[in-house]
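A.B. asks: Here's my sequence, what's the structure:
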Amino acid sequence: MDELFDLPPTEAGPAEPEGRARPRLQRPQRNQITLRPSDLESLLPADHRARLVWAFVEGLDLGTLYERIRAIEGHPGRPPIDPAILTALWLYATLEDVGSARALDRLCEEHDAYRWLGGGVGVNYHTLAAFRVEHGDVLDRLFTESVAALLADGLVTLATVAQDGMRVRAAAGAASYRRRSTLERFLAEAEAHVARLKAELDDDPAATSRRIAAARERAATERASRVRQALEHLPELEAAKRRAGKPTGEARTSTTDPEARVMKMADGGYRPAYNVQFAADTKSQLIVGVDIVAAGTDQGQLGPMVRQLRRRYGRDPDALLADAGFLTTAEIDRLAPATTLYLPIRPPADATRDPHQPLPDDSPAVAAWRIRMGTPEAHELYRERAATAECVNAIARNRGLQRFGVRGPDKARAIALWFALAHNLMRTLVLRTAPAAS
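C.D. replies: Have a look, this model is predicted:
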């Protein structure tokens, strides 16, 4: 024996076809331990979108969020997550069509871009979900300041603004809408249930059972609060039914989201929704105004948007473009002469009448609007409406603004502001780099 140790017997392999040797393959070895030394900084290329988002966030004034932190140096308390990290995560998630806090939590563990933005700081879905909707006032201020900076640099002019509404599904089911009699019965049952749970909580000495009972009491109390809110909003709907000549008993509100209204959607169906109003500067394609309306019609929304722009930037838009759904002669009178409105004229019942000729009872502002919309200059300018407003809405849809996962107009408005900030972030990069490239 020439070998130092006996070799194991050779097992006969499968018979090979005559004239062809057995192929040699690299097969997976998934139980092999490997070491991959790397740092977070090397995970992303220099021009990655996540780095652009972080640079944008570093330029924002987040001082209000830092002032709200109660854990300070020299005092006890667990340090919270830097608000800049949470802001960057949600902006990047919005750009990437991620609207779930749980999905974002998973991506922070699995995806390199989110891991880089997190910088090794652990996050959880509860913190992410709360941060997204709890600071609507800060988001509103950041939105205004980011647009005002571009306005000061001349990249945004507010010379021509296009406005359009977009119906977004609310976090309420069609079956959650109840009439007054049902709501009053639900409220009585919910209050009785809360009273029973409180009595059980006082009588039960076990700590675990107390925690379970406390959770059940909180759920029951929230349920009673939503039913009470639904009853509070019911008179408004009953008055609308009365004005329309319909029985007030047909008025219904949702026990899930009392302020959501059933609206006609883009597909022709009727579902609970909120009406998201975006106003965009036609020159820069930047969103300059955001509003949430609990009404299925766009009529009467031009005036509030103009007042919002005046409050944010200290001036009215020179021209405002909107579709025929916004048309009310009362608003044409109110907004003239500071803002020139460009809205299409509905075809008259008399086909022989020229729609661009003023009517005898028209006010001077309405008469000027009719004449203006018949000019070639107005036709040319009005083409910018679809290229701006429709484009902004389509981008928001593609980024996931299909349905609100939160309840109430305040939280819905916070979500809309996140989409506006994300949209403006990308437009700002284009506007800032275009002069340098030229």
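A.B. asks: Could you list the low-pLDDT ranges of the stretch 201-350 of the chain?
C.D. replies: For the stretch 201-350 of the chain, the stretches flagged by pLDDT under 70 are 201-211, 213.
A.B. asks: which residues in it form helices?
C.D. replies: Counting by DSSP state H, counting those that start in this stretch, the segments of the stretch 201-350 of the chain that form helices are 207-243, 302-313, 329-335.
A.B. asks: Please name the bridge partners of Met166.
C.D. replies: In this entry, Met166 is beta-bridged to Val276, by DSSP bridges.
A.B. asks: check contacts around it.
C.D. replies: For Met166, the contact set (Cβ atoms under 8 Å, 6 or more residues apart in numbering) comprises Asn275, Val276, Gln277, Phe278, Asn393, Ala396, Arg397, Leu401. (C-beta placed from N, C-alpha, C; glycine too.)
A.B. asks: Export only the CA atoms of stretch 186-199, formatted as PDB.
C.D. replies: Provided in PDB are the C-alpha atoms of stretch 186-199 (Å, rounded to 0.1, in the frame of the first residue of the first chain):
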ATOM      1  CA  PHE A 186     -74.300  51.900  18.600                       C
ATOM      2  CA  LEU A 187     -73.300  54.800  20.900                       C
ATOM      3  CA  ALA A 188     -75.500  53.500  23.700                       C
ATOM      4  CA  GLU A 189     -74.100  50.000  23.300                       C
ATOM      5  CA  ALA A 190     -70.500  51.200  23.100                       C
ATOM      6  CA  GLU A 191     -70.900  53.400  26.300                       C
ATOM      7  CA  ALA A 192     -72.500  50.500  28.200                       C
ATOM      8  CA  HIS A 193     -69.600  48.200  27.100                       C
ATOM      9  CA  VAL A 194     -67.000  50.800  28.300                       C
ATOM     10  CA  ALA A 195     -68.800  51.000  31.600                       C
ATOM     11  CA  ARG A 196     -68.700  47.200  32.000                       C
ATOM     12  CA  LEU A 197     -65.000  47.100  31.100                       C
ATOM     13  CA  LYS A 198     -64.200  49.700  33.700                       C
ATOM     14  CA  ALA A 199     -66.000  47.800  36.400                       C
END
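A.B. asks: Next, count neighbours for Asp112.
C.D. replies: Neighbour count for Asp112, taken as other Cβ atoms under 10 Å: 15.
A.B. asks: surely it meets Ser42?
C.D. replies: No: using Cβ atoms under 8 Å, Asp112 is not in contact with Ser42; the gap is 9.8 Å.
A.B. asks: who touches both of those two?
C.D. replies: Shared contacts of Asp112 and Ser42 (Cβ under 8 Å, 6+ apart): none.
A.B. asks: between the contacts of Met166, which is nearest Lys411?
C.D. replies: Checking the contacts of Met166 against Lys411 by Cβ to Cβ gives Val276 as the nearest, at 12.9 Å.
A.B. asks: can you list the domains in the protein?
C.D. replies: Domain assignment of the chain by automatic domain parsing yields the ranges 40-70+80-133, 136-171+269-437, 174-254.
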